[in-house]
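Chemist: what follows is a predicted protein model with its sequence.
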Amino acid sequence: MKPLEPLEAGLKAGGALRNRVRAVLFDLYGTIFISSSGDISVAERNICNKKDEKLEKLNILLHNYAIRLNSEEVFKDYLEEISRVHSRLKSEGIEYPEVDIEVVWMQVLGMEDLDSARRFAVEYESVFNPVWPMPYLRETLECLREKGILLGIISNAQFFTPLLFQAFFNATPEELGFERDLIFFSYQYRQAKPSGYLFEEAKRLLLRWSIDPTQALYVGNDMLNDVLPAHRAGFQTALFAGDLRSLRLREDNVMCRSLKPDLVITGLQNLTEYINKEYGE
């Protein structure tokens, strides 16, 4: 992985908090980590029918694993397997399903060894969606922790997602201050955003600390996947507009047209500024 810089999105920070914040929960890709693809699922669909340097890298990856398959065929089978799993889960009543990516790769590549499939999945992800921490991430987390604010994550993610914290900070999410019971990764529940399921689970668990939803702030870069379900769960919301690649305003989506986040922030440092105001600092 190589350092990445966020691209200015052209929005201005603004808004106001409605209540004193006692918990902050974050989206991950595009919010606390720069995502070079912006949206991996969209990026993959765009690659499918054209020659792309990432397919050349996938050929190298396949060769390294002694897999004698063509990258274009593998990529096509990979997308079709994800679609097949999604269809099955939808038939079971899950509106926004999530796959278990290592199982997908075992099926696509004919692998029987789970560890090999997991290693392949990590290397594939590093090719197709390189990431890097957002500026001021660690400082923001430390500032919030110092105020006694609980930290959590609600993110569309896979088994390798927690490894990013280890890779960049040599620490687990918990060691960086995230509360174990407030970390919700979609692959663990087979449900992905914009489903409200993960947000409702977070709302339920916040009651352990006697935290009302209006005392929790959710921060994400996507009006549909982040702001909408958080708003429906009763959370305060902050739209992260700090990187053009991943900002999703969803202005053409009927569910988002009249939706307004409480805050718009253009960098994680804005978050601490708004919360400091609420705390009279």
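Modeler: Alright, I've got the coordinates. What you are looking at is a predicted structure, and each value in this text was computed from that prediction instead of being measured. Numbering: from 1, shown residues only.
Chemist: neighbours around the closest residue to Glu200 other than its chain neighbours, how many?
Modeler: Closest residue to Glu200 apart from its sequence neighbours, by CB to CB, 6 or more residues apart in numbering: Ala233 at 5.9 Å. (C-beta placed from N, C-alpha, C; glycine too.) Ala233 has 22 neighbouring residues, counting by other CB atoms under 10 Å.
Chemist: can you check Gly267 too?
Modeler: Gly267 has 18 neighbouring residues, counting by other CB under 10 Å.
Chemist: that one and Gly242 touch, don't they?
Modeler: Yes - the criterion here is CB atoms under 8 Å, and Gly267 meets it with Gly242 at 5.1 Å.
Chemist: got any residues that touch both of those two?
Modeler: Pro6, Met134 (CB atoms under 8 Å, 6 or more residues apart in numbering).
Chemist: returning to that earlier point: do you know the pLDDT at the residue nearest to Glu200?
Modeler: Ala233 is assigned 98 on the pLDDT scale.
Chemist: Asp262 versus that one, what's the distance?
Modeler: Separation of Ala233 from Asp262 (CB to CB, to the nearest Å): 13 Å.
Chemist: now Leu141
Modeler: Per CB to CB, Leu141 is found 20 Å from Asp262.
Chemist: just Leu239 next, same as before
Modeler: From Leu239 to Asp262 the distance is 9 Å (CB to CB).
Chemist: over to Ala192?
Modeler: 24 Å.
Chemist: same thing with Lys147?
Modeler: 18 Å.
Chemist: neighbour count: those two, which is higher?
Modeler: When neighbours are counted by other CB under 10 Å, Asp262 comes out ahead of the other of Lys147 and Asp262, with 20 against 15.
Chemist: the more buried one and Gly15 touch, don't they?
Modeler: Yes - using CB under 8 Å, Asp262 is in contact with Gly15, at 5.3 Å.
Chemist: overlap of the contact sets of these two?
Modeler: Going by CB under 8 Å, 6+ apart, residues that sit against Asp262 and also against Gly15 are Ala238.
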